[in-house]
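K.L.:
Model the following, please.
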Amino acid sequence: MIPISKPSLGRGEIEAVRRVLSSGYLVYGRKAKKFEEEFSRYIGTKFAVATNSGTSALHAAMAALGIGLGDEVITTPFSFIASASCILMQGAKLVFCDIDPKTYNIDPDRIEEKITKRTKAIIVVHLYGQPCDMGAITDIAKDNGLFVVEDACQAHGAEYRGKKVGSLGDIGCFSFYATKNMTTGEGGMITSNNAKVAEKARMLINQGQREKYLHEVLGYNYRITDIAAALGMIQLKRLDNFNERRKRNARFYDENLKGVEIPCVTPNVKHVYNQYTIRVKKRDGFIKHLEKNGIGYGIYYPIPIHKQAPFRGYDGAFPNAELASKEVVSIPVHPSLSKKDLKKIVKVVNSYG
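P.N.:
Model (predicted):
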């Protein structure tokens, strides 16, 4: 079986973790601080705050921006559930906006009609590793006095007009889960150029304290460990190479796949292919064909967020998201794929039907 995802780990990662374990200092410390510094430098922001997951990064970002009861936040219904649950976790009202059917990202042309006097922020999701139309979105946000939160959990190193995602809005959020373009096993990061927002986020993820046992606000235990940070620093050094291999694999698919709708990449962006997502009309038969031939796959996402149980009150008309959920299939694109793997995947996909 060729897996849909596979972490790329080597001796550097193993040795980095071994050194932390040998030191006896395992929790948030010097390694985590160094990881934050290196990640903020890579993304191009002044500040970075490491967390224990992408979900906690999103929640802390909402809280750091002061999102709360009575506020409204606009986001996409076609993403992992954390992109929306972080809004409800703050007691705010969730407002869904449909997606562009080609890119699967939130459709800027539909955002303004969702804005009310209570709207405070837009959460954009750079889905599958392709940046949203940040020029249009930031213009809308500026005209309406809104925060822009970038959910970049699938887009490490992706760029919009030469700038890395996570540096384009008011605050960015990343995940380092094992399936991402770089991993710490579990982990996340908040990025921002706003000193006050970054300082608030740092307090929130550390039980609401800047000084030990002096708790200024209600906070959470969202800290990353030095074990995870040590792994992350090595992975960050390898990230550009990982992304180039993902792009190379995607180009091979672009040039050789037939009978399916391949990803649409918009101008002026660098897509980093956390997933290579195709569309097929008869998906059930197609995935059985993949299974029979030993090709791993993923469906991201089979149920739009507004159809999930915690969000039943938010049901509405989001036809592009609903259709995509019935047709999308992601095939392996990770850096560990060999030429032989790629050829087999193409042969299997092209032989369907």
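K.L.:
number of nearby residues for E216?
P.N.:
By other C-beta atoms under 10 Å, 11 other residues sit near E216. C-beta coordinates here come from the backbone N, C-alpha and C atoms, glycine included.
K.L.:
got it, and L257?
P.N.:
Number of residues near L257 (other C-beta under 10 Å) recorded here: 17.
K.L.:
what ranges do the strands span in the stretch 1-150 of the chain?
P.N.:
In the stretch 1-150 of the chain, the segments counted as strands under DSSP state E, counting those that start in this stretch are 47-51, 72-75, 93-96, 119-125, 147-151.
K.L.:
now for the last one, which elements pack on it?
P.N.:
Using 3 or more C-beta pairs under 8 Å, 6 or more residues apart in numbering; DSSP states H and E, the elements in contact with strand 147-151 are helix 54-64, strand 119-125, helix 134-144, strand 171-175.
K.L.:
List the strands paired with that strand, with their directions.
P.N.:
Partners of strand 147-151 in the sheet, by DSSP bridges, are strand 119-125 (parallel), strand 171-175 (parallel).
K.L.:
Including mean neighbour count, distance to N274 and mean pLDDT, could those go into JSON lines?
P.N.:
What follows is these, written out as JSON lines (neighbours: other C-beta atoms under 10 Å; distance: least, C-beta to C-beta, whole Å; pLDDT from 0 to 100):
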{"stretch": "strand 119-125", "mean neighbour count": "25", "distance to N274": "11", "mean pLDDT": "98"}
{"stretch": "strand 171-175", "mean neighbour count": "30", "distance to N274": "10", "mean pLDDT": "98"}
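K.L.:
want to throw these into CSV with distance to G44?
P.N.:
Below are the strands paired with strand 147-151 laid out as CSV (distance: least, C-beta to C-beta, whole Å):
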stretch, distance to G44
strand 119-125, 17
strand 171-175, 10
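K.L.:
Mind checking those strands for the one nearest to T138?
P.N.:
T138 lies closest, by C-beta to C-beta, to one member of the strands paired with strand 147-151: strand 119-125, at 9.3 Å.
K.L.:
which one is Y276 nearest to, not counting chain neighbours?
P.N.:
Leaving aside its sequence neighbours, Y276 sits nearest to V333 (C-beta to C-beta, 6 or more residues apart in numbering; 3.8 Å).
K.L.:
Could you double-check that I137 lies in contact with I123?
P.N.:
No: I137 lies out of contact with I123 (C-beta atoms under 8 Å); the separation is 10.5 Å.
K.L.:
which residues are common contacts for these two?
P.N.:
Counting by C-beta atoms under 8 Å, 6 or more residues apart in numbering, I137 and I123 have no contacts in common.
K.L.:
How many neighbouring residues does E36 have?
P.N.:
Neighbour count for E36, taken as other C-beta under 10 Å: 23.
K.L.:
OK, contacts around the residue nearest to the spatial centre of the chain?
P.N.:
Centroid-nearest residue in the chain, with C-alpha atoms, centre = their mean: C153, separated by 1.8 Å. Counting by C-beta under 8 Å, 6+ apart, C153 makes contact with 54, 57-58, 80, 82, 125, 173-175, 177, 180, 188.
K.L.:
CA atoms only: put stretch 6-24 into PDB for me.
P.N.:
C-alpha atoms of stretch 6-24 as PDB (Å, rounded to 0.1, in the frame of the first residue of the first chain):
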ATOM      1  CA  LYS A   6       4.200   9.700   5.600                       C
ATOM      2  CA  PRO A   7       6.300  11.800   7.900                       C
ATOM      3  CA  SER A   8       9.900  12.300   6.600                       C
ATOM      4  CA  LEU A   9      12.000  11.700   9.700                       C
ATOM      5  CA  GLY A  10      15.800  11.100   9.800                       C
ATOM      6  CA  ARG A  11      18.800  10.800  12.100                       C
ATOM      7  CA  GLY A  12      18.700  14.600  12.700                       C
ATOM      8  CA  GLU A  13      15.300  14.500  14.200                       C
ATOM      9  CA  ILE A  14      16.100  11.400  16.300                       C
ATOM     10  CA  GLU A  15      19.300  12.900  17.600                       C
ATOM     11  CA  ALA A  16      17.600  16.300  18.400                       C
ATOM     12  CA  VAL A  17      14.900  14.500  20.500                       C
ATOM     13  CA  ARG A  18      17.500  12.300  22.100                       C
ATOM     14  CA  ARG A  19      19.500  15.300  23.300                       C
ATOM     15  CA  VAL A  20      16.400  16.800  24.900                       C
ATOM     16  CA  LEU A  21      15.500  13.500  26.600                       C
ATOM     17  CA  SER A  22      19.100  13.300  27.900                       C
ATOM     18  CA  SER A  23      19.000  16.800  29.200                       C
ATOM     19  CA  GLY A  24      16.100  16.000  31.500                       C
END
